[in-house]
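**Student:** Next one to model:
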Amino acid sequence: MSQHGPHARGGESYERALAIARELGDTMFEGAVLGSLANLLRDLDQADEAQTLYGHALAIHREVKDRRVRARRSAILLPCISNREV
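**Tutor:** Have a look, this model is predicted:
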């Protein structure tokens with residue numbers, strides 16, 4: 001994350017949380033953190049990176065069968081895909 005200020009601190013916090021989730025093997029928490037990090041990247045106009053993380057988060061939520069979160073992530077991911085130039 002190459003940003004400065006509050007966004008950079010937020011990104012660093014998400015990166016630490018992601019490392020902890022992976023270390024603990026908590027896939028549901030990992031998916032939630034990936035989604036939050038994707039939201040931050042989207043807000044920073046880094047749509048490609050955000051889309052990649054949304055995809056990873058969605059795959060994790062499919063794996064753990066969390067339908068509520070899957071629906072929310074899918075709703076967020078759809079505009080990212082539809083706004084991309086072909």
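**Student:** use CA for all of it now, contacts and neighbours both
**Tutor:** Noted.
**Student:** what residues are up against Arg42?
**Tutor:** Glu49, Ala50 (Cα atoms under 8 Å, 6 or more residues apart in numbering).
**Student:** let's see it at 6 Å
**Tutor:** By Cα atoms under 6 Å, 6 or more residues apart in numbering, the contact set of Arg42 is Ala50.
**Student:** So which bits of the helix or strand that contains it are buried?
**Tutor:** If you go by DSSP states H and E, Arg42 is part of helix 27-43. By 16 or more other Cα atoms under 10 Å, the buried positions in helix 27-43 come out as 27-42.
**Student:** Stretch 9-24 too?
**Tutor:** Going by neighbour count (16+ other Cα under 10 Å), the buried part of stretch 9-24 is Gly10, Gly11, Tyr14, Glu15, Ala17, Leu18, Ala21.
**Student:** Same list (those) but as a markdown table, adding pLDDT and secondary structure.
**Tutor:** Shown next, in a markdown table, are these (pLDDT from 0 to 100; DSSP: H, G, I helix; E, B strand; the rest coil):
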| residue | pLDDT | secondary structure |
| --- | --- | --- |
| Gly10 | 73 | helix |
| Gly11 | 82 | helix |
| Tyr14 | 90 | helix |
| Glu15 | 91 | helix |
| Ala17 | 91 | helix |
| Leu18 | 92 | helix |
| Ala21 | 91 | helix |
